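1. just a sequence and a predicted model for now, questions to come.
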Amino acid sequence: MTSTSQSGSLPDTPLQSLDVSDPGLYARDDWHGVFRRLRAEAPMHFCADSPYGPYWSVSSHDLIMQAELNHGLFSNRADLGGIQIANIAPDLDRPAFVSMDPPEHTGRRRAVAPIGNRSSLREYEDLIRTRTREILDALPRNEPFDWVAKVSMELTSMMLATMFAFPQERRHELMHWSDVATANLNAPDPLVKSEEERYAVLQQMAEAFLPYWDERTEGRGGFDLVSMLANDAATRDMDRAEFIGTLFLLIVGGNDTTRNSMTGGLLALHQNPDQLDLVRQNRDLIPTMVSEMIRYQSPVIHMRRTALQDCEFAGQMVRKGEKVVLWYVSGNRDDAVFEDPDAFRVDRRNARRHVSFGAGVHRCVGDRLAEQQLRILWEEVLNSDLQIEVTGPGTRIYSNFIRGFSELPVRIRG
């Protein structure tokens, strides 16, 4: 069983030397203690030396929210390095609207916003439910299988293909491109070994989408992301670099939160059977449970900003051009906001206060669609009375950006 460390790593490291950028912390699920220490002793903490250069860590819920909402001071811009602690390679710049500030950001985000509006969610409800039932009904009984491959990836890739009106028979290419876009180059067995190799794969992604873009221009498309982008004044004339960046942003955004919360949520229920009993007894808890799963899993570990000017923030002097890293994984475990934050509680009253979707102008555009997919999955698991056991240790990915799983072995009794 994958365990959760309560002691954390780096217990004897001097405060000024703490570096939470190591992907191994998250692959080992060994980050709890060090962030507990940062929140208590230095919620705005400067690391002078790391593999990614110097950076500030923002670890408390309140300060993360303050930084999120101040896009005039803390920038997402690609030309300043982008949204990860690792800078975007300057010669392989892939601007997407998440790596832009207003006003450039505003129209581009507005172009795709309809995918997550209330009428869209109503349209998707029956489709998602039908697919979920089919996936669950087809799962083997009384024999081990990988929940990530059979459930999380299948359901997520089906929905991604629908959102892009991309052929369902090619949906696993979307998963591959998402994984390549966020892959850590220094992983023990890296999916890609260089930025050039990553960019070559993303070029292939762009080539795959070009025929669909061309056929959906001038109002000829339907209600899908490619049609929205191809027919909106803010996005229809994107250059190739922005086209690539926008595609991988939307693919990653539609993949990682849902896919990894589906897996992390199952693991949390397995480790907390009393909470599963509560939700079995009261199905009205499912929406709250979904928010708690997203809080507890924290599928995006961090988002990075760059200071646009010298400023004082949280009592510290931040210099223009310095990296400011918002550790969502820490803000979601802040005991100033969440009572007993390391506990998984399906009835947590303020679970929706998690920071996993961001806030302000950069809040995730597909947040409600992700919640809908998760809600339907657990409604159907409970409707089918599936008895799901986790049978071995889950394998977490090597990343300081995405908190995800590559495998979770399970068995369904019955």
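-> Here it is on my side, so go on. Residues are numbered from 1 along each chain as shown.
2. could you use CA atoms for every contact and neighbour count after this?
-> Fine.
3. need the next SSE after the helix ranked longest in the chain, C-terminal direction.
-> In the chain, taking DSSP state H as the definition, the longest helix is helix 240-271. Under the assignment DSSP states H and E, the closest C-terminal helix or strand after helix 240-271 is helix 273-281.
4. and that following helix, what does it pack onto?
-> Helices and strands touching helix 273-281, as assessed by 3 or more C-alpha pairs under 8 Å, 6 or more residues apart in numbering; DSSP states H and E, comprise helix 240-271.
5. so the helix it packs on versus helix 273-281, what angle?
-> Going by axes from the mean of the first three to the mean of the last three C-alpha atoms, to 10 degrees, helix 240-271 is angled at 100 degrees with respect to helix 273-281.
6. helix 240-271 - what's its average pLDDT?
-> Mean pLDDT, helix 240-271: 93.
7. which positions within it qualify as buried?
-> Within helix 240-271, the residues that qualify as buried by neighbour count (16 or more other C-alpha atoms under 10 Å) are 241-271.
8. pLDDT weak spots in this structure?
-> Scanning the chain for pLDDT under 70 picks out 1-11, 90-94.
9. in it, which spans are strands?
-> Counting by DSSP state E, the chain has strands at residues 44-47, 55-58, 74-75, 145-146, 302-307, 311-313, 316-318, 323-327, 387-390, 395-396, 405-407, 409-413.
10. pick the most buried one from those strands.
-> strand 323-327 (a mean of 27; mean count of other C-alpha atoms under 10 Å).
11. so in that sheet, which strands flank that strand, and in what orientation?
-> Strands that pair with strand 323-327, judged by DSSP bridges, come out as strand 55-58 (parallel), strand 302-307 (antiparallel).
12. which one of these lies nearest to residue 319?
-> Across the strands paired with strand 323-327, residue 319 has its closest neighbour in strand 302-307 (6.8 Å, C-alpha to C-alpha).
13. render the CA-only coordinates of that closest one in PDB, please.
-> The C-alpha trace of strand 302-307 is given here as PDB (Å, rounded to 0.1, in the frame of the first residue of the first chain):
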ATOM      1  CA  HIS A 302       2.300  23.900  -7.900                       C
ATOM      2  CA  MET A 303       1.800  26.800 -10.100                       C
ATOM      3  CA  ARG A 304       4.600  29.400 -10.600                       C
ATOM      4  CA  ARG A 305       4.400  33.100 -11.100                       C
ATOM      5  CA  THR A 306       7.100  35.700 -11.800                       C
ATOM      6  CA  ALA A 307       7.400  39.000  -9.900                       C
END
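14. OK, contacts around residue 348?
-> 288, 289, 292 (C-alpha atoms under 8 Å, 6 or more residues apart in numbering).
15. how about the last one, nearest residue that isn't a chain neighbour?
-> Leaving aside its chain neighbours, residue 292 sits nearest to residue 351 (5.1 Å; criterion: C-alpha to C-alpha, 6 or more residues apart in numbering).
16. what's the burial count for the one you found?
-> For residue 351, the neighbour count with other C-alpha atoms under 10 Å is 23.
17. many thanks, have a good one.
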